[in-house]
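1. got a structure for you, letters missing:
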């Protein structure tokens, strides 16, 4: 596979947003690190979701569409705009430029996903397009003055719907019955209805979305192909383990949403948000990175059992953080959050080591 050097700048900008977002998150816990910029701690959420995850998902979509037809090269505007917005947020540029660029990136991604729907008018592509629309709606609400705690549910909708749509696509190999497809759709409808309701009534909207998360988590745990592939060996088993653990965290986040729905600050809010974004979303990243990175960069990522180390640290530290939040045990929250960041950094280092190992083997 040829190395795709033209994708490196997009990936680098996304990683810079991740590093800045992790630094901001550790400062907020709080740990005695310099904030670098006075506004950086408040940019933690936008950097992690827009500057990192939005740019990364946008890049993945652009690579896939451009591989089909080079006329879709315009889709690279999504990761470019989101990544540049993340850089402006990191630099502390005041006012609208950062949020506006992230919003433009989400708009381009939505148009790209609508193109995917035209090419493949199937349930899973429509669900992923709904996810892109959720990101755009959240960004527009943010752009026009809503606070991050008020729009983060919409941003979360972007990630949840994108991931469950991708998993539905892979689960088609199991030849799902109409009843199972209908139960999946019911979970999506509950979740999206909660997002819509949250604009006018945040508490009940968040609770309805939480119910949708519980339904989707139950569906994934019952019917996802990972239930079968977990019996395999090597990379296939690692991916399945990470997926199943992530689905469990989605269920936990849904239950926390049902209990504490509408919280916009405090320890329950922290527990809900990180069960979802760290427990579910980053477990998905840990699972899929050994597949996505070669597709985006052309670099081989040989699997090694050392991948389990950062994954295990992420799970243990997140459990410590959530327990600390719910038990009002601040040392548990602070150490859990710090170890969350260390686990993610350790995973990045593990990926780099795997890439270097693959390149050495290739030359050999």
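-> Sure thing, it's come through. Given the structure is predicted, the values throughout are model-derived calculations rather than measurements.

2. for the strand or helix carrying residue 22, which positions count as buried?
-> Element membership for residue 22, per DSSP states H and E: helix 8-28. If you call a residue buried by 16 or more other C-beta atoms under 10 Å, then helix 8-28 has these buried ones: 10-11, 13-14, 16-28. To be clear about C-beta, it is placed using only N, CA and C from the backbone, and glycine gets the same treatment.

3. Following element in sequence after it, please.
-> Downstream of helix 8-28, the next assigned helix or strand under DSSP H and E is helix 44-46.

4. Show me what the helix or strand just after that following helix is packed against.
-> Downstream of helix 44-46, the first helix or strand assigned by DSSP H and E is helix 55-68. Helix 55-68 is packed against helix 8-28, helix 77-91, helix 97-119, helix 283-297, with contacts defined by 3 or more C-beta pairs under 8 Å, 6 or more residues apart in numbering; DSSP states H and E.

5. how far does helix 55-68 sit from the chain's center?
-> Put simply, helix 55-68 sits 15 Å off its chain's centre (C-alpha atoms, centre = their mean, to the nearest Å).

6. Now do that helix and helix 283-297, the angle between them.
-> 40 degrees (axes from the mean of the first three to the mean of the last three C-alpha atoms, to 10 degrees).

7. Mind listing residues that contact helix 55-68?
-> 4, 7, 10-11, 13-14, 17, 72-73, 75-76, 78-79, 82-83, 86, 105, 108-109, 112-113, 115-116, 119, 162, 292, 295-296 (C-beta atoms under 8 Å, 6 or more residues apart in numbering).

8. Now that we have the residues you listed, which of them are buried?
-> Taking 16+ other C-beta under 10 Å as the criterion, what is buried in the contacts of helix 55-68 is 7, 10-11, 13-14, 17, 72, 75-76, 78-79, 82-83, 86, 105, 108-109, 112-113, 115-116, 162, 292, 295-296.

9. Starting from residue 209, give me the distance back to residue 223.
-> 21 Å (C-beta to C-beta, to the nearest Å).

10. More neighbours: the two, which one.
-> For residue 223 versus residue 209, the count of surrounding residues by other C-beta atoms under 10 Å is larger for residue 209: 29 against 19.

11. Give me the next element, helix or strand, following the helix or strand the more buried one falls within.
-> Element membership of residue 209 [criterion: DSSP H and E] is helix 202-223. Downstream of helix 202-223, the first helix or strand assigned by DSSP H and E is helix 226-229.
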